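# Just the structure for this:
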Amino acid sequence: MVALEQAVAAPFCSRQLADMGADVVKVERPDGGDFARGYDDALHGLSAYFAWLNRGKRSIALDLKSERDRAVFARLLERADVFLHNLAPGAVERFGCGYEALARTHPRLIWCGISGYGPDGPYRDRKAYDLLVQAESGVVSLTGSPQAPAKVGISIADIASGMYGYASVLAALLKRERNGAGERIDISMLECLTEWVTPPLYTWLGTGTAPARCGLRHNMIVPYGVYACADGPVNFAIQNEREWRRFCSGVLDLPELAADERFVSNGSRVRNRVELEAIIEERLGRHTRAEVLGMLEAAEIASGAVNGVAEVARHRQLAARGRWVTVESPAGPIPALTPPHNLRHAPPRMGRVPALGEHTREILAELNMEEN
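Numbers count the residues shown, from 1 in each chain. A predicted model of the protein is given here:
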């Protein structure tokens, strides 16, 4: 794979493939490389984002405005199975690497472009970053408290588009094994997130009303979320009417509440959530968190902790399953989470995080080309 990539979306896609054993050649500008390298220096001097997204890749520094480096890039493409990019609209076409140009000379190539809004339509030339797409797609309108919207605290537009890109590349490679033909893949960050927003969209299309922002509670299922006990919060989820009846009798000690016409179905509970949630918190407020968790477990109601980042870093389930390993980097050994692919007979290759241009000489030697 040749990856002309930066930031998060395309690097997240290509890192999945690198973990699975692909030879990912990351093409970077000599003057600083992928700008995610400069996002921060939180991990022993490395950018947290860059370290997360780029292990297992080989970095070559090329100036694609240089005729000589464009020749190197062309040689890389000659031997590539996949070309991936997420540059600004029109950039790869200026380098002669648009799909139409490459398909004529590389008919088996899988070409994957990740952009904010897709290759056509009125938004095609807009640059896009994660928060912009979270807001454009409606995610921000659904996230936060009733008083104010909020962005999701991780880069979900980038992650979603990277994962759809990864899955699409694998599907295209399988298809090529059958028919020998390359493929064009266009991943739109907006389309990835609006796919995820479909249940609220369907609610709007069916009722003319959008689900409300509910903070740490579900906006389409009640009760589901974080509720206060006498000494702290509990987080639990009711998923069906059997669980609702068990919750009323075994946790709230109000079996008659299950048949109350205001709360007899999830739809009615959503419509009357203010009244219901006041009852729930009044009853739970009589007990400690430990007592409520015990009652939830006895009633077979799913529950969980509300962890901060520090708690997740030492989560005992991750430790028990051996998810933390060590990988090499320019800053020395760093921790890394193994990817959740979990193929029993294809363990991930947890490779080194590359320095800028670290593999330039090695790759040029493979191409029988010399450094300047």
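# Can you name the helix or strand that the residue minimising distance to the centre of the chain falls in?
Averaging the C-alpha coordinates of the chain gives a centre point, and the residue nearest to it by CA atoms, centre = their mean is Ile159 (2.6 Å). Ile159 belongs to helix 156-179 when elements are defined using DSSP states H and E.
# State the number of residues packed around the closest residue to the residue nearest to the centre of the chain other than its chain neighbours.
If the residues on either side of it in the chain are set aside, Ile159 comes closest to Phe12, at 5.9 Å by CB to CB, 6 or more residues apart in numbering. Glycine gets a C-beta too; all of them are placed from N, C-alpha and C. Other residues near Phe12 number 25, with proximity taken as other CB atoms under 10 Å.
# now the helices for the stretch 51-200 of the chain?
Counting by DSSP state H, counting those that start in this stretch, residue ranges of the helices within the stretch 51-200 of the chain are 67-78, 91-94, 99-105, 130-136, 139-142, 156-179, 189-196, 198-207.
# ranking these by mean pLDDT, which is last?
Across the helices of the stretch 51-200 of the chain, helix 91-94 has the smallest mean pLDDT, namely a mean of 90.
# and for that one, what are the contacting residues?
Contact partners of helix 91-94, identified using CB atoms under 8 Å, 6 or more residues apart in numbering, comprise 4, 85, 98, 101, 113.
# can you give me the helices in the stretch 201-350 of the chain?
Counting by DSSP H, counting those that start in this stretch, the stretch 201-350 of the chain forms helices over residues 241-250, 266-271, 273-284, 289-298, 309-313, 316-320, given from the N-terminal end onward.
# Can you give me the neighbour number for Ala7?
Ala7: 19 surrounding residues under other CB under 10 Å.
# What of Val234?
Under the neighbour criterion other CB under 10 Å, Val234 is assigned a count of 25.
# Just confirm it contacts Gly225, I think it does.
No: judged on CB atoms under 8 Å, Val234 makes no contact with Gly225 at a distance of 9.7 Å.
# Compare the helices of the stretch 201-350 of the chain and give me the one nearest Thr203.
In terms of CB to CB, the element of those nearest to Thr203 is helix 266-271, at 9.8 Å.
# Contacts for the strand or helix carrying Val27, please.
Here Val27, judged by DSSP H and E, is contained in strand 25-28. Residues outside strand 25-28 that contact it (CB under 8 Å, 6+ apart): 1-5, 11, 14, 34, 54, 57-62, 64, 73, 76, 80, 354, 356-357, 359, 363.
# Can you tell me the SS state at Arg352?
With DSSP: H, G, I helix; E, B strand; the rest coil as the basis, the three-state label of Arg352 is coil.
# Pull the contacting residues for it.
Contacts here follow CB under 8 Å, 6+ apart; on that basis Arg352 touches 55-56, 327-329.
# now with 7 Å?
When the contact criterion is CB atoms under 7 Å, 6 or more residues apart in numbering, the partners of Arg352 are 55, 327-329.
# Pull out the buried residues from these.
For the contacts of Arg352, a burial check counting by 16 or more other CB atoms under 10 Å picks out 55, 327, 329.
# Skipping adjacent residues, who's closest to the last one in space?
Spelled out, that is Ser329. With CB to CB, 6+ apart as the measure, Val353 is the residue that lies nearest to Ser329, at 3.9 Å, once sequence neighbours are left out.
# Run a quick neighbour tally on Thr194.
Around Thr194 sit 16 other residues, with neighbours defined as other CB under 10 Å.
# For the residue lying closest to it once chain neighbours are set aside, give me phi and psi.
Nearest-residue entry for Thr194: Ser137, 5.0 Å, with adjacent residues in sequence omitted and distances by CB to CB, 6+ apart. Ser137 adopts backbone torsions of phi -80, psi -10, taken as degrees, to the nearest 10.
# neighbours of Ser137, just the number please.
22.
# how far away is it from Val152?
The spacing between Ser137 and Val152, counted by CB to CB, to the nearest Å, is 11 Å.
# cool, and Ala36?
Distance check for Ala36 against Val152: by CB to CB, it reads 19 Å.
# before we move on, what about Gly322?
When CB to CB is applied, the distance between Gly322 and Val152 equals 28 Å.
# Ok, Asp158 next?
For Asp158, the distance to Val152 under the criterion CB to CB works out to 11 Å.
# cool, Gly162 as well?
Gly162 sits at a distance of 15 Å from Val152 (criterion: CB to CB).
# Tell me which of those two has more neighbours.
Using other CB under 10 Å as the criterion, Gly162 and Val152 rank with Gly162 on top: 28 against 17.
# Identify the residues contacting that one.
Contacts for Gly162 were tallied using CB under 7 Å, 6+ apart; they are 9-10, 12-13.
# Many thanks, I have nothing further to ask.
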